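Trainee: Sharing a model prediction with you, sequence too.
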Amino acid sequence: MQSFADAVKDFAEEHVAGLTVAAVAALGVLALRRWMAGGVCRSKARLDGKTVLITGANTGIGKETALDMAQRGARVILACRDMTRARIAADDIRQQSGNGNVVVKKLDLASLQSVRDLAKDVEESEERLDVLINNAGIMMCPKLQTEDGFEMQFGVNHLGHFLLTNHLLDLLKKSAPSRVVIVSSLAHERGQIHFDDINLDKHYNREKSYCQSKLANVLFGRELAARLQGTGVTVYSLHPGVIRTELSRHLLPTLALWQRMIIGIFKCLIKSPWEGAQTTIYCAVEESLVNVSGLYYSDCAPKTAAPQARDDAAAKELWDLSASMVGLA
């Protein structure tokens, strides 16, 4: 009777080609997964006595960022639209971090009044604001309008954060050195600012809209950094990577079954929320960035933004248009 070891040996000899292909494929998948995971923030900086506000922090990379900030000792403000989910997330963060100084505040970025109300609340109740992380966003939604009549993706991803940041600048300056971190996307490279049709009323396309809003994020960061020179407030925009989050909830139901199956397979390779949060965390705490401002980052390292994202004239024009749209002009 053949021993188990001999049986294994015979099987290996008979299937050596197939096993070799399988091994190479497995190693390739592992290498691809490691590459997709991206950089990791290595900073051990503590944030005791500091306050961090994060928009959209009840799920995904926002929640992972909030947890990291809490673990570093910060007072963390979760600014969220869904208060029930935000309170659940805050309880979870308090339990995991051992930091009870995690609070929830209402923010609906699709409502300028909600933005103003939050900013007023923070200005009146908080003594300082050391890091503002503009993280919340919406992606690939159908043609919708904000409460104030703006195209939804541009309104939420850019205008809401533009207004919030401007209202909190005095507190950020008072707390200097402080930081503004803007979560953008690689999608900005395909973006264009449609100054003659900013709400895309003439021809709406959800991808065009999303890319425009992400380009607006980078241009906003660039112009904001220029305006804050010498104040001690520094600004960073970033691409977090392709991540397993709820951000694609508007896109997936519109795809064909075969497309969803491919995405389902691909999901095992893309970043987890923890991995996706690393560049945001890096921009928020990395000590070497204290005197750097206005740059764009990916995988915890500087990256050259697309040419249209380095257009200073466009950045200023977008600032002026945005200020007019939200009533700051």
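Mentor: Yep, that arrived.
Trainee: Helices along the chain, start to end?
Mentor: 4-14, 16-37, 60-71, 83-97, 112-125, 152-154, 161-167, 169-174, 206-227, 257-266, 273-276, 278-285, 312-326 (DSSP state H).
Trainee: can you redo those as TSV with distance to A301 and mean pLDDT?
Mentor: For glycine as for every other residue, the C-beta is placed from the backbone atoms N, C-alpha and C. Below are the helices of the chain laid out as TSV (distance: least, CB to CB, whole Å; pLDDT from 0 to 100):
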stretch	distance to A301	mean pLDDT
helix 4-14	43	58
helix 16-37	14	46
helix 60-71	17	97
helix 83-97	27	98
helix 112-125	31	98
helix 152-154	27	98
helix 161-167	24	98
helix 169-174	25	98
helix 206-227	16	98
helix 257-266	24	58
helix 273-276	15	94
helix 278-285	8	98
helix 312-326	22	98
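Trainee: Turn the ones you listed into a markdown table, columns for distance to A306 and mean neighbour count.
Mentor: Below are the helices of the chain laid out as a markdown table (distance: least, CB to CB, whole Å; neighbours: other CB atoms under 10 Å):
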| stretch | distance to A306 | mean neighbour count |
| --- | --- | --- |
| helix 4-14 | 51 | 10 |
| helix 16-37 | 21 | 11 |
| helix 60-71 | 22 | 25 |
| helix 83-97 | 33 | 17 |
| helix 112-125 | 28 | 16 |
| helix 152-154 | 18 | 25 |
| helix 161-167 | 20 | 22 |
| helix 169-174 | 27 | 17 |
| helix 206-227 | 8 | 23 |
| helix 257-266 | 24 | 11 |
| helix 273-276 | 20 | 21 |
| helix 278-285 | 17 | 26 |
| helix 312-326 | 11 | 17 |
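Trainee: who wins for proximity to D48 among those?
Mentor: helix 60-71 (11.2 Å; CB to CB).
Trainee: which helices and strands does that closest one pack with?
Mentor: Where contact means 3 or more CB pairs under 8 Å, 6 or more residues apart in numbering; DSSP states H and E, helix 60-71 is packed against strand 51-55, strand 75-80, helix 83-97, strand 131-134, helix 273-276, helix 278-285.
Trainee: Send me stretch 298-305 as PDB with only the CA atoms.
Mentor: The C-alpha trace of stretch 298-305 is given here as PDB (Å, rounded to 0.1, in the frame of the first residue of the first chain):
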ATOM      1  CA  SER A 298      -0.700  59.700  -1.900                       C
ATOM      2  CA  ASP A 299       0.500  56.600   0.000                       C
ATOM      3  CA  CYS A 300       2.000  58.800   2.700                       C
ATOM      4  CA  ALA A 301       4.300  60.600   0.300                       C
ATOM      5  CA  PRO A 302       4.100  63.800  -1.800                       C
ATOM      6  CA  LYS A 303       2.800  63.200  -5.300                       C
ATOM      7  CA  THR A 304       2.600  65.600  -8.200                       C
ATOM      8  CA  ALA A 305      -1.000  66.600  -8.800                       C
END
